[in-house]
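Student: Got a sequence here, can you model it:
(2 chains)
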Amino acid sequence: MNLTFHNKTITGILTVLPSKEVKFEDEMESYNFSVAKSLKLKMAMGYSKHRIVEDGVTISDLCVFGLNNLFENELLRKEDMDALILVTQSPEYFMPPTSNVIQGKLGLKQDMICMDINQGCAGYEIGLFQAFMLLDQDEINKVVLVNADILSKKVSKRDRNSNPLIGDGASVTIVEKSKKPNTIFANIKMDGTAFDALIIPAGGFKTPSTPETAAMIEDAAGNFRSLDNLVMKGDDVFNFVQREVPPMIEDLLSRAGINKQSVDYFMFHQPNKFMLNKLADKLEIPHEKMPSNIVENFGNASGVSIPTAITYNLGERLISESYLICLAGFGVGLTWASILLEVGQLKFNTIINY
Amino acid sequence: MENILTDLAEIMEVEKVAESDKLTEFDCWDSLTALSIIAFADENYKVTLSNKELLEVETIGGLIELIKTKKG
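Tutor: Residues are numbered from 1 along each chain as shown, chains lettered A, B, ... in the order given. Modelled structure (predicted):
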(Lines give C-alpha, C1' and ligand atoms only; values in the text may rest on other atoms or scores of the structure.)
Protein backbone atom coordinates (compact mmCIF):
# COMPACT_ATOMS: atom_id res chain seq x y z
CA MET A 1 0.00 0.00 0.00
CA ASN A 2 1.32 3.41 -1.02
CA LEU A 3 1.10 6.29 1.43
CA THR A 4 1.82 9.99 1.02
CA PHE A 5 2.10 12.62 3.73
CA HIS A 6 2.45 16.36 3.41
CA ASN A 7 4.18 19.08 5.40
CA LYS A 8 5.44 16.98 8.32
CA THR A 9 8.92 16.87 9.77
CA ILE A 10 11.07 15.29 12.48
CA THR A 11 12.61 17.92 14.75
CA GLY A 12 14.55 15.85 17.29
CA ILE A 13 15.63 12.28 18.13
CA LEU A 14 16.84 10.98 21.48
CA THR A 15 17.88 7.37 22.15
CA VAL A 16 17.93 5.97 25.69
CA LEU A 17 20.04 2.85 26.18
CA PRO A 18 20.50 0.87 29.39
CA SER A 19 24.06 1.18 30.76
CA LYS A 20 24.41 -2.55 31.34
CA GLU A 21 26.50 -4.07 28.56
CA VAL A 22 26.84 -7.83 28.04
CA LYS A 23 29.53 -9.36 25.82
CA PHE A 24 28.84 -12.25 23.43
CA GLU A 25 31.68 -14.30 24.94
CA ASP A 26 30.17 -14.03 28.42
CA GLU A 27 26.98 -15.74 27.29
CA MET A 28 28.50 -18.30 24.93
CA GLU A 29 28.56 -21.03 27.58
CA SER A 30 24.77 -21.02 27.77
CA TYR A 31 24.52 -22.08 24.13
CA ASN A 32 24.43 -25.76 23.23
CA PHE A 33 27.26 -25.20 20.75
CA SER A 34 31.04 -25.67 20.56
CA VAL A 35 33.17 -22.59 21.22
CA ALA A 36 34.39 -22.75 17.60
CA LYS A 37 30.81 -22.69 16.30
CA SER A 38 29.81 -19.88 18.65
CA LEU A 39 32.74 -17.79 17.45
CA LYS A 40 31.76 -18.51 13.86
CA LEU A 41 28.25 -17.30 14.63
CA LYS A 42 29.73 -14.17 16.17
CA MET A 43 31.81 -13.47 13.06
CA ALA A 44 29.13 -14.24 10.49
CA MET A 45 26.42 -12.18 12.18
CA GLY A 46 28.62 -9.42 13.54
CA TYR A 47 27.71 -10.06 17.19
CA SER A 48 29.83 -8.48 19.90
CA LYS A 49 27.99 -6.89 22.81
CA HIS A 50 24.49 -5.75 23.64
CA ARG A 51 22.64 -3.51 26.09
CA ILE A 52 20.22 -5.11 28.50
CA VAL A 53 18.09 -3.56 31.26
CA GLU A 54 18.75 -4.47 34.89
CA ASP A 55 16.08 -6.57 36.62
CA GLY A 56 13.10 -4.49 37.61
CA VAL A 57 13.58 -1.83 34.95
CA THR A 58 10.61 -1.49 32.58
CA ILE A 59 9.90 0.63 29.54
CA SER A 60 8.21 3.45 31.44
CA ASP A 61 11.48 3.93 33.37
CA LEU A 62 13.42 4.39 30.13
CA CYS A 63 10.73 6.61 28.58
CA VAL A 64 10.28 8.85 31.65
CA PHE A 65 14.08 9.19 31.94
CA GLY A 66 14.37 10.21 28.27
CA LEU A 67 11.49 12.69 28.35
CA ASN A 68 12.66 14.23 31.62
CA ASN A 69 16.08 14.70 30.04
CA LEU A 70 14.44 16.70 27.23
CA PHE A 71 12.35 18.78 29.69
CA GLU A 72 15.41 19.55 31.84
CA ASN A 73 17.48 20.59 28.82
CA GLU A 74 14.62 22.73 27.53
CA LEU A 75 14.43 20.76 24.31
CA LEU A 76 10.75 19.94 24.83
CA ARG A 77 7.97 21.52 26.89
CA LYS A 78 5.30 19.42 28.57
CA GLU A 79 2.52 21.76 27.50
CA ASP A 80 3.50 21.39 23.84
CA MET A 81 2.94 17.63 23.78
CA ASP A 82 -0.38 17.13 21.99
CA ALA A 83 0.03 13.39 21.53
CA LEU A 84 2.17 10.61 22.98
CA ILE A 85 2.41 7.56 20.76
CA LEU A 86 4.14 4.57 22.32
CA VAL A 87 5.12 1.71 20.04
CA THR A 88 6.05 -1.34 22.10
CA GLN A 89 5.72 -5.08 22.51
CA SER A 90 6.78 -4.95 26.15
CA PRO A 91 3.83 -3.11 27.72
CA GLU A 92 3.69 -2.80 31.50
CA TYR A 93 0.11 -4.11 31.67
CA PHE A 94 -2.51 -5.61 29.36
CA MET A 95 -4.55 -2.62 30.51
CA PRO A 96 -4.22 0.37 30.77
CA PRO A 97 -2.03 1.56 27.89
CA THR A 98 1.55 2.21 29.04
CA SER A 99 1.44 5.63 27.30
CA ASN A 100 -1.20 6.66 29.88
CA VAL A 101 1.07 5.40 32.66
CA ILE A 102 3.89 7.58 31.29
CA GLN A 103 1.53 10.58 30.97
CA GLY A 104 0.60 10.18 34.64
CA LYS A 105 4.17 9.71 35.86
CA LEU A 106 5.30 12.86 34.02
CA GLY A 107 2.26 14.96 34.94
CA LEU A 108 1.45 15.81 31.34
CA LYS A 109 -1.65 17.82 30.43
CA GLN A 110 -5.02 16.04 30.08
CA ASP A 111 -5.71 17.79 26.82
CA MET A 112 -3.81 15.27 24.72
CA ILE A 113 -3.94 11.82 23.11
CA CYS A 114 -2.05 8.84 24.51
CA MET A 115 -1.90 5.75 22.36
CA ASP A 116 -0.10 2.40 22.48
CA ILE A 117 0.65 0.57 19.25
CA ASN A 118 1.67 -3.09 19.25
CA GLN A 119 4.42 -3.25 16.62
CA GLY A 120 8.05 -4.30 16.53
CA CYS A 121 10.64 -4.29 13.78
CA ALA A 122 8.60 -1.87 11.61
CA GLY A 123 7.49 0.07 14.70
CA TYR A 124 9.38 3.23 13.79
CA GLU A 125 7.62 3.51 10.43
CA ILE A 126 4.19 2.64 11.90
CA GLY A 127 4.72 5.20 14.67
CA LEU A 128 5.72 7.91 12.19
CA PHE A 129 2.66 7.15 10.03
CA GLN A 130 0.42 7.60 13.07
CA ALA A 131 2.23 10.80 14.05
CA PHE A 132 1.84 12.22 10.53
CA MET A 133 -1.89 11.41 10.54
CA LEU A 134 -2.51 12.99 13.96
CA LEU A 135 -0.73 16.14 12.81
CA ASP A 136 -3.45 16.67 10.19
CA GLN A 137 -5.66 17.78 13.11
CA ASP A 138 -5.86 21.56 13.64
CA GLU A 139 -5.18 21.32 17.37
CA ILE A 140 -2.30 18.86 17.17
CA ASN A 141 1.01 20.59 16.51
CA LYS A 142 3.54 18.35 18.21
CA VAL A 143 3.50 14.58 18.48
CA VAL A 144 5.98 12.71 20.64
CA LEU A 145 6.67 9.27 19.22
CA VAL A 146 8.24 6.89 21.70
CA ASN A 147 9.56 3.49 20.68
CA ALA A 148 10.52 1.24 23.59
CA ASP A 149 11.19 -2.45 24.13
CA ILE A 150 12.86 -4.66 26.71
CA LEU A 151 12.41 -7.96 24.93
CA SER A 152 15.61 -9.37 26.45
CA LYS A 153 13.29 -10.33 29.33
CA LYS A 154 11.40 -12.68 27.02
CA VAL A 155 14.40 -14.25 25.28
CA SER A 156 15.87 -17.48 26.61
CA LYS A 157 19.55 -17.15 27.55
CA ARG A 158 20.01 -20.58 25.99
CA ASP A 159 18.65 -19.51 22.60
CA ARG A 160 21.56 -18.64 20.32
CA ASN A 161 19.07 -17.69 17.56
CA SER A 162 17.80 -14.66 19.43
CA ASN A 163 19.79 -14.00 22.60
CA PRO A 164 23.04 -12.68 21.04
CA LEU A 165 21.22 -10.06 19.02
CA ILE A 166 18.47 -8.83 21.34
CA GLY A 167 18.85 -5.39 22.86
CA ASP A 168 16.74 -3.15 25.09
CA GLY A 169 16.14 0.56 24.73
CA ALA A 170 13.82 3.46 24.05
CA SER A 171 13.79 6.40 21.68
CA VAL A 172 11.91 9.67 21.56
CA THR A 173 11.19 11.31 18.20
CA ILE A 174 9.50 14.70 17.97
CA VAL A 175 7.26 15.07 14.93
CA GLU A 176 5.76 18.39 13.91
CA LYS A 177 4.05 20.25 11.11
CA SER A 178 6.67 21.49 8.69
CA LYS A 179 6.88 25.20 7.94
CA LYS A 180 8.37 24.37 4.53
CA PRO A 181 5.96 22.44 2.26
CA ASN A 182 7.11 18.87 1.61
CA THR A 183 5.90 15.48 0.44
CA ILE A 184 6.85 12.30 2.27
CA PHE A 185 6.53 9.07 0.29
CA ALA A 186 5.97 5.80 2.11
CA ASN A 187 4.68 2.27 1.63
CA ILE A 188 3.70 -0.67 3.79
CA LYS A 189 2.66 -4.30 3.44
CA MET A 190 1.53 -6.95 5.91
CA ASP A 191 1.30 -10.75 5.88
CA GLY A 192 -0.60 -12.11 8.84
CA THR A 193 -0.43 -15.68 7.55
CA ALA A 194 3.14 -15.71 8.89
CA PHE A 195 2.09 -14.31 12.29
CA ASP A 196 4.17 -16.99 14.03
CA ALA A 197 7.48 -16.18 12.30
CA LEU A 198 8.30 -14.03 15.34
CA ILE A 199 6.14 -14.76 18.36
CA ILE A 200 5.92 -15.05 22.13
CA PRO A 201 3.53 -18.02 22.16
CA ALA A 202 2.28 -17.86 25.77
CA GLY A 203 1.35 -15.14 28.23
CA GLY A 204 -1.60 -13.60 26.35
CA PHE A 205 -5.29 -14.46 26.68
CA LYS A 206 -5.06 -17.32 24.18
CA THR A 207 -2.38 -19.25 26.08
CA PRO A 208 -1.97 -17.80 29.58
CA SER A 209 1.36 -18.44 31.33
CA THR A 210 1.34 -21.51 33.54
CA PRO A 211 4.09 -23.68 35.04
CA GLU A 212 3.73 -25.82 31.87
CA THR A 213 4.37 -22.89 29.50
CA ALA A 214 7.50 -22.07 31.51
CA ALA A 215 9.05 -25.51 30.92
CA MET A 216 12.28 -25.32 28.90
CA ILE A 217 12.18 -27.47 25.78
CA GLU A 218 15.02 -28.26 23.36
CA ASP A 219 14.36 -27.56 19.67
CA ALA A 220 15.82 -29.42 16.67
CA ALA A 221 18.86 -27.11 16.58
CA GLY A 222 19.68 -27.56 20.28
CA ASN A 223 18.24 -24.27 21.57
CA PHE A 224 16.34 -24.33 24.85
CA ARG A 225 13.31 -22.12 25.27
CA SER A 226 9.82 -22.19 26.79
CA LEU A 227 6.47 -21.08 25.39
CA ASP A 228 6.85 -17.94 27.50
CA ASN A 229 9.95 -17.04 25.47
CA LEU A 230 10.26 -15.17 22.20
CA VAL A 231 10.85 -17.53 19.28
CA MET A 232 11.97 -16.55 15.80
CA LYS A 233 11.97 -18.64 12.66
CA GLY A 234 15.30 -17.17 11.60
CA ASP A 235 15.54 -18.76 8.14
CA ASP A 236 12.00 -17.75 7.18
CA VAL A 237 12.53 -14.19 8.39
CA PHE A 238 15.83 -13.95 6.49
CA ASN A 239 14.24 -15.18 3.26
CA PHE A 240 11.23 -12.90 3.68
CA VAL A 241 13.46 -9.86 4.10
CA GLN A 242 15.66 -10.65 1.10
CA ARG A 243 12.58 -11.32 -1.04
CA GLU A 244 10.32 -8.40 -0.04
CA VAL A 245 12.50 -5.49 1.04
CA PRO A 246 14.48 -4.75 -2.18
CA PRO A 247 11.35 -4.43 -4.40
CA MET A 248 9.68 -2.31 -1.69
CA ILE A 249 12.59 0.16 -1.76
CA GLU A 250 12.70 0.18 -5.58
CA ASP A 251 8.96 0.96 -5.67
CA LEU A 252 9.26 3.71 -3.07
CA LEU A 253 12.09 5.48 -4.87
CA SER A 254 10.52 5.17 -8.29
CA ARG A 255 7.22 6.59 -7.02
CA ALA A 256 9.14 9.50 -5.47
CA GLY A 257 11.10 9.97 -8.71
CA ILE A 258 14.40 9.68 -6.84
CA ASN A 259 17.36 7.55 -7.91
CA LYS A 260 19.35 5.55 -5.36
CA GLN A 261 22.44 7.73 -5.72
CA SER A 262 20.48 10.77 -4.51
CA VAL A 263 19.59 9.09 -1.22
CA ASP A 264 22.20 10.00 1.40
CA TYR A 265 21.48 7.20 3.88
CA PHE A 266 19.48 4.03 4.10
CA MET A 267 18.63 3.71 7.78
CA PHE A 268 17.16 0.24 8.05
CA HIS A 269 16.00 -1.89 10.94
CA GLN A 270 19.02 -3.68 12.42
CA PRO A 271 18.54 -7.47 12.66
CA ASN A 272 22.23 -8.30 12.10
CA LYS A 273 25.18 -7.14 10.03
CA PHE A 274 25.06 -10.04 7.60
CA MET A 275 21.44 -9.49 6.65
CA LEU A 276 21.93 -5.75 6.12
CA ASN A 277 25.04 -6.24 3.98
CA LYS A 278 23.10 -8.74 1.83
CA LEU A 279 20.29 -6.21 1.45
CA ALA A 280 22.74 -3.46 0.48
CA ASP A 281 24.36 -5.75 -2.11
CA LYS A 282 21.02 -6.72 -3.58
CA LEU A 283 19.97 -3.07 -3.82
CA GLU A 284 23.44 -2.11 -5.13
CA ILE A 285 23.91 0.42 -2.38
CA PRO A 286 27.42 1.02 -0.97
CA HIS A 287 27.69 -0.43 2.55
CA GLU A 288 28.70 2.96 3.99
CA LYS A 289 25.30 4.36 3.02
CA MET A 290 23.53 1.61 4.96
CA PRO A 291 24.92 1.49 8.51
CA SER A 292 24.83 -2.02 10.01
CA ASN A 293 26.70 -1.38 13.28
CA ILE A 294 23.85 -1.32 15.81
CA VAL A 295 23.61 -5.03 16.66
CA GLU A 296 27.36 -5.31 17.30
CA ASN A 297 27.38 -2.28 19.60
CA PHE A 298 23.99 -2.28 21.31
CA GLY A 299 21.83 -5.19 20.10
CA ASN A 300 18.55 -5.02 18.22
CA ALA A 301 15.87 -3.29 20.31
CA SER A 302 13.10 -3.81 17.77
CA GLY A 303 11.48 -0.50 16.73
CA VAL A 304 14.22 1.42 18.56
CA SER A 305 16.88 0.17 16.14
CA ILE A 306 16.35 2.82 13.44
CA PRO A 307 16.45 5.85 15.77
CA THR A 308 19.51 4.25 17.38
CA ALA A 309 21.15 3.92 13.96
CA ILE A 310 20.36 7.56 13.19
CA THR A 311 21.57 8.97 16.52
CA TYR A 312 24.70 6.75 16.64
CA ASN A 313 25.82 7.22 13.04
CA LEU A 314 24.77 10.80 12.29
CA GLY A 315 24.65 12.44 15.75
CA GLU A 316 25.56 16.13 15.67
CA ARG A 317 25.74 16.16 11.87
CA LEU A 318 21.95 16.15 11.71
CA ILE A 319 21.84 19.34 13.75
CA SER A 320 23.77 21.38 11.20
CA GLU A 321 23.11 19.30 8.05
CA SER A 322 20.13 17.82 6.29
CA TYR A 323 20.03 14.48 4.47
CA LEU A 324 17.63 12.57 2.27
CA ILE A 325 17.06 9.37 4.24
CA CYS A 326 15.27 6.16 3.33
CA LEU A 327 13.93 4.27 6.35
CA ALA A 328 12.85 0.63 6.24
CA GLY A 329 11.52 -1.71 8.92
CA PHE A 330 10.66 -5.38 8.48
CA GLY A 331 9.75 -8.25 10.75
CA VAL A 332 7.10 -9.25 13.27
CA GLY A 333 3.58 -9.38 11.86
CA LEU A 334 4.88 -9.91 9.26
CA THR A 335 5.10 -6.20 8.51
CA TRP A 336 7.37 -4.32 6.13
CA ALA A 337 7.36 -0.59 5.52
CA SER A 338 9.57 2.16 4.15
CA ILE A 339 9.64 5.96 4.18
CA LEU A 340 11.63 8.49 2.17
CA LEU A 341 12.08 11.84 3.90
CA GLU A 342 14.46 14.72 4.42
CA VAL A 343 15.83 14.79 7.97
CA GLY A 344 17.97 17.63 9.29
CA GLN A 345 18.39 20.81 11.30
CA LEU A 346 17.29 18.80 14.32
CA LYS A 347 17.16 20.41 17.75
CA PHE A 348 18.81 17.30 19.18
CA ASN A 349 20.06 13.93 17.93
CA THR A 350 21.85 12.04 20.63
CA ILE A 351 22.15 8.92 22.81
CA ILE A 352 21.94 8.93 26.60
CA ASN A 353 22.50 6.05 29.03
CA TYR A 354 19.98 5.01 31.65
CA MET B 1 45.62 -13.50 0.31
CA GLU B 2 48.60 -15.28 1.96
CA ASN B 3 46.69 -16.10 5.14
CA ILE B 4 43.63 -17.46 3.44
CA LEU B 5 44.51 -21.13 4.08
CA THR B 6 44.96 -20.45 7.80
CA ASP B 7 41.73 -18.46 7.96
CA LEU B 8 39.80 -21.16 6.14
CA ALA B 9 41.28 -23.83 8.45
CA GLU B 10 39.88 -21.90 11.39
CA ILE B 11 36.44 -21.69 9.80
CA MET B 12 36.58 -25.41 8.99
CA GLU B 13 37.59 -26.14 12.61
CA VAL B 14 40.76 -28.08 11.61
CA GLU B 15 44.53 -27.57 11.99
CA LYS B 16 45.26 -27.30 8.27
CA VAL B 17 43.39 -27.36 4.98
CA ALA B 18 44.66 -28.43 1.57
CA GLU B 19 43.49 -27.04 -1.77
CA SER B 20 42.13 -30.45 -2.76
CA ASP B 21 39.89 -30.77 0.36
CA LYS B 22 36.20 -30.96 -0.49
CA LEU B 23 34.08 -28.35 1.35
CA THR B 24 31.14 -30.62 2.07
CA GLU B 25 33.38 -33.39 3.46
CA PHE B 26 34.57 -31.40 6.50
CA ASP B 27 33.08 -32.69 9.77
CA CYS B 28 31.82 -29.24 10.67
CA TRP B 29 30.15 -28.55 7.31
CA ASP B 30 26.73 -27.04 7.93
CA SER B 31 24.72 -23.96 7.06
CA LEU B 32 26.56 -21.84 9.66
CA THR B 33 29.94 -22.81 8.18
CA ALA B 34 28.70 -21.90 4.69
CA LEU B 35 27.41 -18.60 6.06
CA SER B 36 30.76 -18.00 7.78
CA ILE B 37 32.62 -18.42 4.48
CA ILE B 38 30.23 -15.96 2.81
CA ALA B 39 30.70 -13.45 5.65
CA PHE B 40 34.48 -14.03 5.64
CA ALA B 41 34.77 -13.31 1.91
CA ASP B 42 32.60 -10.24 2.31
CA GLU B 43 34.46 -8.87 5.32
CA ASN B 44 38.04 -9.59 4.21
CA TYR B 45 37.92 -9.41 0.42
CA LYS B 46 34.73 -7.41 -0.28
CA VAL B 47 33.54 -10.32 -2.38
CA THR B 48 29.89 -11.40 -2.42
CA LEU B 49 29.43 -15.17 -2.68
CA SER B 50 26.17 -17.05 -2.97
CA ASN B 51 25.37 -20.42 -1.41
CA LYS B 52 25.02 -21.83 -4.92
CA GLU B 53 28.54 -20.70 -5.87
CA LEU B 54 29.95 -22.32 -2.73
CA LEU B 55 28.51 -25.68 -3.68
CA GLU B 56 29.70 -25.34 -7.27
CA VAL B 57 33.37 -24.72 -6.39
CA GLU B 58 33.52 -28.02 -4.45
CA THR B 59 37.06 -27.64 -3.03
CA ILE B 60 39.09 -25.23 -0.92
CA GLY B 61 41.24 -24.52 -4.00
CA GLY B 62 38.15 -23.80 -6.07
CA LEU B 63 36.87 -21.45 -3.38
CA ILE B 64 40.15 -19.51 -3.30
CA GLU B 65 40.11 -19.28 -7.11
CA LEU B 66 36.54 -17.95 -7.02
CA ILE B 67 37.40 -15.29 -4.43
CA LYS B 68 40.45 -14.26 -6.49
CA THR B 69 38.41 -14.05 -9.71
CA LYS B 70 35.61 -12.05 -8.12
CA LYS B 71 38.05 -9.76 -6.37
CA GLY B 72 39.49 -8.94 -9.84
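Student: Show me what the mean pLDDT comes to for stretch B:3-23.
Tutor: This predicted structure assigns stretch B:3-23 an average pLDDT of 93.
Student: now do stretch A:319-331
Tutor: So the average pLDDT for stretch A:319-331 ends up being 98.
Student: Next: stretch B:47-61.
Tutor: According to the model, stretch B:47-61 has a mean pLDDT of 88.
Student: What of stretch A:84-99?
Tutor: 98.
Student: Residue numbers of the stretch 151-300 of chain A in contact with chain B?
Tutor: Taking CB under 8 Å from any CB of the partner chain as the measure of proximity, the stretch 151-300 of chain A contacts chain B at A:274, A:277, A:281. The C-beta positions use only the backbone N, C-alpha and C, and glycine is treated the same way.
Student: now, which of those lie within strands?
Tutor: Secondary structure assignment (DSSP state E) places none of those within strands.
Student: In helices only, show me those residues.
Tutor: Counting by DSSP state H, the members of those that fall within helices are A:274, A:277, A:281.
Student: Which positions in stretch B:39-49 come out as buried?
Tutor: B:39-42, B:47, B:49 (16 or more other CB atoms under 10 Å in any protein chain shown).
Student: so how many other residues sit close to A:Ala214?
Tutor: Neighbour count for A:Ala214, taken as other CB atoms under 10 Å in any protein chain shown: 13.
Student: residue contacts, A:His50?
Tutor: When contacts are counted by CB atoms under 8 Å, 6 or more residues apart in numbering or on different chains, A:His50 is found next to A:21-22, A:24, A:152, A:164-167, A:295, A:298-299.
Student: If you rank the residues of the stretch 151-300 of chain A next to chain B by neighbours, which is first?
Tutor: Sorting those by how many neighbours each has (other CB under 10 Å) puts A:Phe274 first, at 22 neighbours.
Student: secondary structure class for B:Ser36?
Tutor: Classification of B:Ser36 into helix, strand or coil gives helix, according to DSSP: H, G, I helix; E, B strand; the rest coil.
Student: what sits against it?
Tutor: A:40, A:43-44, B:11.
Student: I'd like to know how far it sits from A:Leu70.
Tutor: Applying CB to CB, to the nearest Å, one obtains 43 Å for the distance of B:Ser36 from A:Leu70.
Student: what about A:His287, distance to A:Cys326?
Tutor: Computed with CB to CB, the distance linking A:His287 and A:Cys326 is 15 Å.
Student: hmm, I was thinking of A:Ser30
Tutor: 37 Å.
Student: phi, psi of whatever residue of chain B ends up closest to chain A?
Tutor: Per CB to the nearest CB, the residue of chain B with the smallest distance to chain A is B:Ala39, at 4.1 Å. In terms of degrees, to the nearest 10, the main-chain angles of B:Ala39 are phi -70, psi -40.
Student: Need the three-state assignment for the residue nearest to it when sequence neighbours are not counted.
Tutor: When the adjacent residues along the chain are set aside, B:Ala39 lies closest to A:Ala44, with 4.1 Å between them (CB to CB, 6 or more residues apart in numbering or on different chains). Here A:Ala44 is helix, with the state taken from three-state DSSP.
Student: Am I right that A:Ala44 is in contact with B:Leu32?
Tutor: Yes - proximity of A:Ala44 to B:Leu32 meets the contact threshold set by CB atoms under 8 Å, at 6.8 Å.
Student: who has more neighbours, these two?
Tutor: Set A:Ala44 next to B:Leu32 and count neighbours by other CB under 10 Å: A:Ala44 wins out with 23 against 18.
Student: just wondering, since we're on that one, how far is it from A:Lys37?
Tutor: The separation that A:Ala44 has from A:Lys37, given CB to CB, amounts to 10 Å.
Student: Mutual contacts of those two, please.
Tutor: Residues touching both A:Ala44 and A:Lys37 by CB under 8 Å, 6+ apart: B:Leu32.
Student: Where do the helices of chain B begin and end?
Tutor: Along chain B, the stretches classed as helices by DSSP H are B:4-11, B:31-45, B:51-57, B:60-71.
Student: Can you say which of those helices is nearest to A:Ile339?
Tutor: Each of the helices of chain B was checked against A:Ile339 via CB to CB, and the shortest separation belongs to helix B:31-45, namely 27.7 Å.
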